[in-house]
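Peer 1: Need coordinates for the below:
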Amino acid sequence: MSDYDPANAKAYNDAIVIRYYTRLSGLTPQERAVLDPLLPEIRDQPLLDLGIGAGRTVPELTAISRDYVGVDYSQGMVDFCRAKYPDIDIRLGDARDMACFEDGRFRFVLFSFNGIDTVNHADRLRILKEIHRVLEPGGSLVFSSHSRTPYEARERAEKARPIGEKLRSARDSLVRILASPRRSNPEVRKLANRLRNKPREERTEQYAIVNDPGHDYSLLTYYIRPEWQRRQLRETGFRDVWPAIDGEGRPVTDCAETPWLYYRARK
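Peer 2: The predicted structure follows:
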């Protein structure tokens, strides 16, 4: 476990973050575009829903099959889900170690909202191998992940900003901090998180782990280009790896500007 994994886990137990996820409901249009073609083969079959957060996907997937298990590694999220869905199998667990499930237990696994992006590279591969293990032969995995290409384009644009603009932005942030220099001030929270997490960033040929603005810079998040992600899937045992899919359900290229991409593969 890397030194930032506990920080990411802590962020998802933060009351502010949990409250954000409680306001979300239903599948996104992108998720529907990816899932709809699979419905004939997964209906009434065993489904595993990883990274359920506050339960956004629970009613949608349990409508497809009652043989459903929802898992999250945030105790706060799980507590909320269990209270909201007392008759559903909701578990506290970690996708890196799913020894509680036998080999081939599920027909379908969903890991939504880029949940797989919250761990380091070695643990990401461990998760993919564990998902492969718990899928039955021919079973499908669908997940989303941050695309590295548009993020790097934004970074280049930020570096190219005139120095005067950068100084004005810094001045405005300082004014907001000084106006209310307490931890409850979002600007104070952002600055503290940024100072703590920025030095932990990583960049390699395959992937980048960056401290992006999500949840007030409280996370370190994994970004990857589509071709590297497809290669990861093949190397962890998956076959029939579809091209990356954008928000409209269309295949995309490695230079796509879509910030989140969806992937589908079979065991």
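Peer 1: Let me see the contact set for residue 41.
Peer 2: Contact criterion C-beta atoms under 8 Å, 6 or more residues apart in numbering gives 107, 140 as the residues in contact with residue 41. For every residue, glycine as well, the C-beta is placed using N, CA and C.
Peer 1: repeat that with 6 Å
Peer 2: Residues in contact with residue 41 (C-beta atoms under 6 Å, 6 or more residues apart in numbering): none are found.
Peer 1: do the same with residue 98
Peer 2: For residue 98, the contact set (C-beta under 6 Å, 6+ apart) comprises 130, 134.
Peer 1: if we go to 10 Å?
Peer 2: Listed by C-beta atoms under 10 Å, 6 or more residues apart in numbering, the contact set of residue 98 reads 48, 50, 69, 71, 91, 105-106, 109, 127, 130-131, 133-134.
Peer 1: How about residue 7?
Peer 2: Applying C-beta under 10 Å, 6+ apart, we find residue 7 in contact with 193, 196, 197, 200, 218, 219, 220.
Peer 1: Which of those residues are buried, as a ChimeraX select command?
Peer 2: Of those, the buried ones can be selected in ChimeraX as follows, counting by 16 or more other C-beta atoms under 10 Å:
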select :193,197,218,219,220
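Peer 1: which of the contacts of residue 7 sit farthest apart?
Peer 2: Greatest spacing in the contacts of residue 7, by C-beta to C-beta: 200 and 218 (12.1 Å).
Peer 1: Spit out the residues that contact the two alike.
Peer 2: Common neighbours of residue 200 and residue 218, counting by C-beta under 10 Å, 6+ apart, are 7, 211.
Peer 1: Name the secondary structure element that contains the nearest residue to residue 27 once chain neighbours are set aside.
Peer 2: Leaving aside its chain neighbours, residue 27 sits nearest to residue 60 (4.9 Å; criterion: C-beta to C-beta, 6 or more residues apart in numbering). Residue 60 is part of helix 58-64, with elements assigned from DSSP states H and E.
Peer 1: and that helix, what does it pack onto?
Peer 2: Based on contacts counted as 3 or more C-beta pairs under 10 Å, 6 or more residues apart in numbering; DSSP states H and E, the elements that helix 58-64 packs against are helix 29-35, helix 39-42, strand 47-50, strand 68-72, helix 75-84, strand 106-111.
Peer 1: got the buried residues for the next helix or strand after the last one?
Peer 2: Spelled out, that is strand 106-111. The element immediately downstream of strand 106-111 (helix or strand, assigned by DSSP H and E) is helix 121-134. Of the residues in helix 121-134, those buried by neighbour count under the rule 16+ other C-beta under 10 Å are 121, 123, 124, 126, 127, 128, 130, 131, 132, 133, 134.
Peer 1: and residue 237, how many neighbours does it have?
Peer 2: By the criterion of other C-beta atoms under 10 Å, residue 237 has 14 neighbours.
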